[in-house]
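[1] Could you look at this predicted model? Sequence included:
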Amino acid sequence: MAEKHPHPPHDHLDRLSTEQLEVLLRADLADPDQSKEAVIFHILNVLEQREQKAPTGRLPDADQAWTEFKQFYDIPEGESQTLYPTDGPQGDSEDD
């Protein structure tokens with residue numbers, strides 16, 4: 001039978017400062033190694049819990065972000081346009 005560990009595998013991350021967690025998160029996101037996925041999710045969870053306990057404004061409000069997106073990007077003038085360039089020349093993509 002497998003032994004149960006008294007602490008979750010990423011429990012040590014909870015003791016780091018928010019700034020230290022953000023540095024780790026940036027480094028982990030820059031590395032394409034997907035084996036760190038659990039660490040990334042744990043860091044994000046810790047940051048979210050801290051923000052909920054003591055809001056600093058570092059994490060944007062989802063409702064406000066959605067309102068701003070609709071105001072600036074989801075407009076009739078932008079119909080059938082993309083926000084990001086495509087692979088084709090001059091932003092046009094061609095289907096072969």
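    Here it is on my side, so go on. Numbering: from 1, shown residues only.

[2] shaky segments in this structure?
    When the per-residue scores of the chain are filtered using pLDDT under 70, the ranges that remain are 1-8, 32, 34, 88-96.

[3] just the helices in it please.
    Per DSSP state H, the chain has helices spanning 18-30, 37-53, 62-72. These are given in chain order.

[4] can you redo those helices as CSV with mean neighbour count and distance to residue 78?
    All C-beta atoms are positioned from the backbone trio N, CA, C, and that covers glycine. Listed next are those as CSV, based on neighbours: other Cβ atoms under 10 Å; distance: least, Cβ to Cβ, whole Å:
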stretch, mean neighbour count, distance to residue 78
helix 18-30, 12, 29
helix 37-53, 14, 30
helix 62-72, 10, 9
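
[5] nearest to residue 9, of the ones you listed?
    If you check each of these against residue 9 by Cβ to Cβ, helix 37-53 wins as the nearest, at 7.5 Å.
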